[in-house]
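Trainee: The sequence isn't on hand, but the structure is:
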């Protein structure tokens, strides 16, 4: 089985190829501009984006929208995580959390799959907290400051295989694979 993955992020593409490839699903890269609606929920954004993109190309595809949701900041940056990262980086998030009691946060991934039968959204979520200071290098924006529950290091400090085995994106992609590979 082959699928189109609409993304501009080489790291997401590599992760999806690894996760879905292990299930026998090959990924072709769809590097195409599409309108991404604004919203408060990554699932809603992914669903609308996939619907719009599919209506233009009429080929089965998937895309992913993800966000970092920080409790003390009322869910900010949420679905605007990439934009906020470009404007202020993870240091800006650390600065916003100075003096806040809670550092609880979660990453959420929403993978939307579109075909002739409509759009389905699959979610993955990793609970954790924001570190007091950055640790490690990473290809993903907030990985140097996010510590998943049950671990003592940030995503960026972790061995890549361990991080990928517990990531929000993996959870969502595995749900997509389960849907695609289940007998209908």
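Mentor: Okay, I see it. Keep in mind the model is a prediction, meaning the values are calculated, not measured.

Trainee: right, and the secondary structure at residue 152 would be what?
Mentor: Following DSSP: H, G, I helix; E, B strand; the rest coil, residue 152 is assigned to coil.

Trainee: now swap in residue 11 and tell me
Mentor: Residue 11 ends up helix, using three-state DSSP.

Trainee: Isn't it up against residue 140?
Mentor: Yes: using Cβ atoms under 8 Å, residue 11 is in contact with residue 140, at 5.9 Å. For glycine as for every other residue, the C-beta is placed from the backbone atoms N, C-alpha and C.

Trainee: How far does stretch 27-45 sit from its chain's centre?
Mentor: Using Cα atoms, centre = their mean, to the nearest Å, the distance from the centre of stretch 27-45 to the centre of the chain it belongs to is 11 Å.

Trainee: Looking at residue 11 and residue 140, which one has more neighbours?
Mentor: residue 140 (19 against 14; other Cβ atoms under 10 Å).

Trainee: burial measure for the closest residue to residue 90 other than its chain neighbours, as a count.
Mentor: Nearest-residue entry for residue 90: residue 145, 4.7 Å, with adjacent residues in sequence omitted and distances by Cβ to Cβ, 6 or more residues apart in numbering. For residue 145, the count of nearby residues is 28 (other Cβ under 10 Å).

Trainee: so residue 145 sits right up against residue 154, yeah?
Mentor: Yes: using Cβ under 8 Å, residue 145 is in contact with residue 154, at 6.2 Å.

Trainee: can you map out the helices along this structure?
Mentor: Applying DSSP state H to the chain gives helices spanning 10-21, 42-57, 81-96, 160-166, 168-181.

Trainee: out of those helices, nearest to residue 107?
Mentor: Nearest to residue 107 among these is helix 168-181; the distance by Cβ to Cβ comes to 4.4 Å.

Trainee: sorry, back to before: need the overlap of contacts for residue 145 and residue 154.
Mentor: Common neighbours of residue 145 and residue 154 are listed as 131, 134, 135 (criterion: Cβ atoms under 8 Å, 6 or more residues apart in numbering).

Trainee: out of these, which is most surrounded?
Mentor: That'd be residue 131 among those, by other Cβ under 10 Å, with 21 neighbours.

Trainee: That one is in contact with residue 154, isn't it?
Mentor: Yes: Residue 131 lies in contact with residue 154 (Cβ under 8 Å); the separation is 5.6 Å.
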